[in-house]
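Visitor: my questions are about this predicted structure, shown below with the sequence.
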Amino acid sequence: MTAPIISFRGATKVFPGRRRGGAREVRAVDGVTLDVHAGEIFGVIGYSGAGKSTLVRLINALETATAGSVVVDGTDLTGLSEARLRPVRAGIGMIFQQFNLLSSRTVAGNVAYPLEVAGWPRERRRERVRELLDFVGIGDKADVYPSALSGGQKQRVGIARALATNPKILLADEATSALDPETTADVLALLRRVNRELGITVVVITHEMDVVRSICHRVAVMEHGKVVELGDAYQVFSAPRHPVTRRFVASALKDRPSPAVLARLRERHPGRIVTVRVDEVSGSSAQVTHVLREHGVDGTIVYGGITEVAERAFGSLTLELVGPDGAVAGALAGLRAVTDVVDHGTAADPHDDPSAVVHRPANDDPTTDDPTNDERSSR
Ligand SMILES: Nc1ncnc2c1ncn2[C@@H]1O[C@H](COP(=O)(O)OP(=O)(O)OP(=O)(O)O)[C@@H](O)[C@H]1O
């Protein structure tokens, strides 16, 4: 991986209490040390109030650290004057949940705004705006006012405006949180193009693990101002360590049957029910099929979900295994040799599923589980 373009070292932001002589100070960011590498899409995830926005606002010096340091593209922001911060900010674009467009300007006028501020001559501005609108896919909307645009189109304008002055870094603060799932997917695909085709480092703040799943290379999980987990997105999904991370992962991967779903599966499927992990390294569905065939066991998929994490296959399949006892035991051993297996037993001899407890969000009531979730009655 390349050199860091953003480095936090013990970065801390303490806000004084809001009420005079009253409320206690808030440690919004508390001793964060991490690097964002040039050219990556880096996710910052956490629940409301975890400190994500403040951390990201330290990058473009909308906030200044009260302790520790923040270095952006080789410049230590600590103690810099407004005049010295200006060129650093110019190298950073930002997009927002509520788009923050100027309603009195057309789409082209919004995108041209940072170019006017930066003193670009009219002809070059016009050319650049056209190029940007084409890049984000709304070349035909140049003369339209923001009020006539859909949410997805508004965010495209936001992205075009943020890219206008060729920043090296794009900060996306909950950029898809106000959008429906389909539009979210389109905007995320555009952010991926921004990263790949323009080589821009993207820092994405989100409270949705699905956003991390679909575009982030690495992710930091925040709680109470601290980074509680940090790593490669794929690794974090496949082996989450911190309870907060586990809750986020469970919210994005609904691939394992909950106890309530399992009880219903057992009513319909008397055979041995097992959940096998499927990923790129272990337990591809071809491997699973091969093991079952080798042992003369029938395997019917009764539940599951395989999705992509950081563009790599990941998930699990729950199968009903049917065959003579010895053959099923052999198949189970064969599956264990190639991947992680949870043996749920049979309807007559059910086993507890420890992973169902581990992966379940703490406040999720198993009795309210949605039975339609990807559940397949395949018989
Ligand atoms: N200007 C401020 N003055 C005082 N406290 C603040 C200020 N900005 C943020 N905070 C507090 O700092 C903490 C972290 O806020 P921050 O907005 O960074 O969290 P977040 O993870 O981005 O949450 P959200 O998703 O709700 O924006 C919160 O307790 C918040 O109330």
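Guide: Great, that's in hand.
Visitor: from the stretch 151-300 of the chain, which residue is nearest to the ligand?
Guide: Distances between the stretch 151-300 of the chain and the ligand by CB to the nearest ligand atom are smallest at H207, namely 5.9 Å. Just so you know, the C-beta spots here come from the backbone N, C-alpha and C atoms, and that holds for glycine as well.
Visitor: hmm, G49 and that residue touching each other?
Guide: No: in this structure, H207 is not within contact of G49 by CB atoms under 8 Å, at 10.4 Å.
Visitor: can you point out the helix or strand that includes T307?
Guide: Using DSSP states H and E, the element containing T307 is strand 298-309.
Visitor: strand partners of the next helix-or-strand element following that strand, parallel vs antiparallel please.
Guide: Beyond strand 298-309 on the C-terminal side, the first helix or strand identified by DSSP H and E is strand 312-322. When sheet partners are counted by DSSP bridges, strand 312-322 sits next to strand 272-279 (antiparallel), strand 298-309 (antiparallel).
Visitor: any idea which helix or strand comes after strand 312-322?
Guide: helix 325-338.
Visitor: okay, buried residues for the next helix or strand after that following helix please.
Guide: Sequence order places strand 341-343 as the next helix or strand after helix 325-338, per DSSP H and E. Neighbour-count burial for strand 341-343, counted by 16 or more other CB atoms under 10 Å, picks out V341, V342.
Visitor: ok, stretch 63-72 next?
Guide: E63, A65, G68, S69, V70, V71, V72.
Visitor: now the end-to-end length of it.
Guide: Looking at stretch 63-72, the gap from its leading to its trailing residue is 14 Å under the measure CA to CA, to the nearest Å.
Visitor: what residues does the stretch 101-250 of the chain have near the ligand?
Guide: If contacts are counted using CB under 6 Å from any ligand atom, the residues of the stretch 101-250 of the chain sitting beside the ligand are H207.
Visitor: now the strands for the stretch 101-250 of the chain?
Guide: Listed in chain order, the strands of the stretch 101-250 of the chain (DSSP state E, counting those that start in this stretch) span 169-173, 201-206, 218-223, 226-232.
Visitor: at the geometric centre of this protein, which residue do we find?
Guide: By CA atoms, centre = their mean, the chain has its centre lying nearest to V212, at 1.3 Å.
Visitor: so where is the stretch 151-300 of the chain shaky, pLDDT-wise?
Guide: 282-283 (pLDDT under 70).
Visitor: please enumerate the helices of it.
Guide: Assigned helices in the stretch 151-300 of the chain, in chain order: 151-163, 181-198, 209-215, 233-238, 243-252, 259-268, 285-294 (criterion: DSSP state H, counting those that start in this stretch).
Visitor: got those helices as TSV, with distance to V338 columns?
Guide: Shown next, in TSV, are the helices of the stretch 151-300 of the chain (distance: least, CB to CB, whole Å):
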stretch	distance to V338
helix 151-163	42
helix 181-198	32
helix 209-215	24
helix 233-238	15
helix 243-252	22
helix 259-268	23
helix 285-294	5
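Visitor: what helix or strand is the closest residue to the residue nearest to the centre of the chain other than its chain neighbours located in?
Guide: With CB to CB, 6 or more residues apart in numbering as the measure, G43 is the residue that lies nearest to V212, at 4.3 Å, once sequence neighbours are left out. Using DSSP H and E, G43 maps to strand 41-45.
Visitor: can you show me the CA trace of that strand as PDB?
Guide: Written as PDB, here are the backbone C-alpha positions of strand 41-45 (Å, rounded to 0.1, in the frame of the first residue of the first chain):
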ATOM      1  CA  ILE A  41     -11.600   4.200  -0.100                       C
ATOM      2  CA  PHE A  42     -11.600   4.400   3.700                       C
ATOM      3  CA  GLY A  43     -14.800   4.000   5.700                       C
ATOM      4  CA  VAL A  44     -15.500   5.500   9.200                       C
ATOM      5  CA  ILE A  45     -18.500   3.800  10.700                       C
END
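Visitor: now for it, which elements pack on it?
Guide: Using 3 or more CB pairs under 8 Å, 6 or more residues apart in numbering; DSSP states H and E, the elements in contact with strand 41-45 are helix 52-59, helix 181-198, strand 201-206, helix 209-215, strand 218-223.
Visitor: listing partners with orientation, what would you give for it?
Guide: Based on DSSP bridges, the strands next to strand 41-45 in the sheet, each with its direction, are strand 201-206 (parallel), strand 218-223 (parallel).
Visitor: dump those strands to TSV, plus mean neighbour count.
Guide: Compiled in TSV, those are given as follows (neighbours: other CB atoms under 10 Å):
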stretch	mean neighbour count
strand 201-206	25
strand 218-223	25
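Visitor: now these in JSON lines, with distance to L170?
Guide: Converted to JSON lines, the strands paired with strand 41-45 look like this (distance: least, CB to CB, whole Å):
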{"stretch": "strand 201-206", "distance to L170": "5"}
{"stretch": "strand 218-223", "distance to L170": "16"}
